[in-house]
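Novice: predicted structure and sequence below. I'll ask about it afterward.
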Amino acid sequence: TLTLANKMSYDAISSNAHPPEGTRVVCRSGCWSLPSHVVHARRMLWLHRLRPPLARSLCTRASGVAQPRLTKIVATIGPASEQAELLQACVDEGIDVMRVNFSHATPEEFHLRRTNLRSARGGEFVPVMLDTKGPEIRMGGLAVCKTGGRKAKITLETGRLITLTTNSAFDGASDEKTLYIGYPLMADKVTTGTIILLDDGLISLRVTEVMPNRDVVCEILNTSAIGERKGVNLPGIITELPPLSEKDKEDIRFGIEHDIDAVAASFVRNAEGVRAIRAHIAECHAKYASEPSSPPPLIISKIESTEALDNLDAIIAESDGLMVARGDLGVEVPIQEVVTWQKTMVRWDRRVVPCSPTAFSPPSPLLLHFSLSTLSPSHATCLSGGSMRGCRQAGDSCDANAGLDVIQSAANTRRGCRRYKCRS
């Protein structure tokens, strides 16, 4: 009998041990007799830290004996799916984890979604994952937005030159000729020929000169309109950003205070960053958790940059799971390599930790990506914009029924894979 309610010594089970068939596992979520392949030693070392909803979601009950579940569904709950009736339907369809994206969510929205989830039939067993915004580089405000509203845009044209500056005087005064970038180290990190991507790769720039005053002159490589405060990517460059922004620290504190089960850490770049995140979680858990003696939230490291790919083995060793953020990763590496990296990460991750969610968002073909995640096989797939906003593809009108349809399609695909004996 293995008791999971308390910390279990890593020496309790040797790294090569396989607990026998029928091993009885006791935790606060209940007792099960687990098949031997579920209680492999490495997995057990992870299981002892599971919070009750996560422990329950790992297995389904069948005749009193736990069965390993198929590829789990991590559903991002947002405006299209947060209402009580729709959230009940999502639980009925079989979502395994509710993800709340704090890049957009407010504390009030979190309370609404968590309350509706816990009120749903079966919702008390669905763990909650908080996804941090993460440290990132962004453009500043545009001058045109002061008169034309927040959605006003400027157009950057192919072949023209634009100056990128870190002078804060241009934050709110940027235009087609000068653009503020909130990254003080930019001039130190780029050289002539460096590619800079704006708004998830919507616009590409090539550095032509780094000025003595630390401004960076770039050539615009394609024509497109762009709004203010969009993201900036520097593919292949070690940015030296901190692992957590001040907003991330406050969001994690808030989440722990309200009993989250996992933290999806955005823009993880190295093992030191994961350790810093775990230290902050431990500190907040000791101070703010309703039950400080309970296990702290797990860390799911999101792989979104080439720097993270370079440090992948070290990140795996420090994390409780990986999330392959295909949209952001596809900005940093050629899009045709994303699937190869995904399969590589799933293979590496399954030898170390038992969770590797694979995220997708519009305009990715939903069923193709979910089937790929199931056949890989990763342990979970993360529904992003589809379940959150109710959009099947970019540019679609968003509605609640479409959000539920996305989750139903994922659940049907999972059931189809069960018939063909595919497993996670």
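Specialist: Alright, I've got the coordinates. Here the structure is a predicted model, which is why all the values come from computation and not from measurement.

Novice: just list whatever residues bridge to Thr155.
Specialist: Ala225 (DSSP bridges).

Novice: pLDDT wise, what is it at?
Specialist: Thr155 carries a pLDDT value of 95.

Novice: list the contacts for it?
Specialist: 176, 223-226 (C-beta atoms under 8 Å, 6 or more residues apart in numbering). Where you see a C-beta, it was placed from the backbone N, CA and C, and this is true even at glycine.

Novice: what stretches of the protein score poorly on pLDDT?
Specialist: 1-70, 349-378, 385-424 (pLDDT under 70).

Novice: so who does Met211 touch?
Specialist: Met211 makes contact with 163, 187, 217, according to C-beta under 8 Å, 6+ apart.

Novice: at 7 Å what do you get?
Specialist: Contact partners of Met211, counting by C-beta atoms under 7 Å, 6 or more residues apart in numbering, are Val217.

Novice: could you tell me how far it is located from Gly273?
Specialist: Shown here: Met211 relative to Gly273, a distance of 31 Å by C-beta to C-beta, to the nearest Å.

Novice: what of Ile95?
Specialist: Ile95 is 29 Å from Gly273, by C-beta to C-beta.

Novice: who has more neighbours, those two?
Specialist: Ile95 (28 against 23; other C-beta atoms under 10 Å).

Novice: all helices of the stretch 151-300 of the chain, in order?
Specialist: 186-189, 246-257, 271-288 (DSSP state H, counting those that start in this stretch).

Novice: which residues sit against the longest one?
Specialist: Same thing as helix 271-288. 243-244, 249, 252-253, 256-257, 263, 265, 268, 292, 296-297, 299, 301, 311, 314-315, 317-319.

Novice: filter these down to just the ones in strands.
Specialist: 263, 265, 299, 301 (DSSP state E).

Novice: OK, contacts around the residue lying closest to Ser266 once chain neighbours are set aside?
Specialist: Using C-beta to C-beta, 6 or more residues apart in numbering and skipping the chain neighbours, the partner closest in space to Ser266 is Gly134 (2.8 Å). For Gly134, the contacting residues are 248, 266-267, by C-beta under 7 Å, 6+ apart.

Novice: redo the residues you listed as CSV? Include neighbour count and distance to Gly231.
Specialist: CSV is the format used below for the contacts of Gly134 (neighbours: other C-beta atoms under 10 Å; distance: C-beta to C-beta, whole Å):
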residue, neighbour count, distance to Gly231
Asp248, 23, 16
Ser266, 24, 11
Phe267, 26, 10
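
Novice: nearest to His379, out of the residues you listed: which one, please.
Specialist: Of all the contacts of Gly134, Ser266 has the smallest distance to His379: 19.5 Å, by C-beta to C-beta.

Novice: need phi/psi at that closest one.
Specialist: Torsion angles at Ser266 (phi, psi; degrees, to the nearest 10) stand at phi -80, psi 150.

Novice: Asn101 pairs with what?
Specialist: Beta-bridge partners, per DSSP bridges, of Asn101: Asp131.

Novice: selecting buried members of the contacts of Thr155 in PyMOL, what would you type?
Specialist: A single PyMOL command is used to select the members of the contacts of Thr155 judged buried by 16 or more other C-beta atoms under 10 Å:
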select buried, resi 176+226
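
Novice: nearest to Thr158, of the contacts of Thr155?
Specialist: Closest to Thr158 out of the contacts of Thr155 is Thr223 (4.8 Å), distances taken as C-beta to C-beta.

Novice: tell me who's in contact with that closest one.
Specialist: Applying C-beta under 7 Å, 6+ apart, the residues near Thr223 are 155-158.

Novice: those, buried ones only, as a PyMOL selection?
Specialist: Of those, the buried ones go into a single PyMOL selection, burial set by 16+ other C-beta under 10 Å:
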select buried, resi 156
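
Novice: what's the strand ranked longest in the chain packed up against?
Specialist: Ranked by number of residues, the top strand in the chain under DSSP E is strand 203-210. On a contact count with 3 or more C-beta pairs under 7 Å, 6 or more residues apart in numbering; DSSP states H and E, strand 203-210 meets strand 195-198, strand 216-220.
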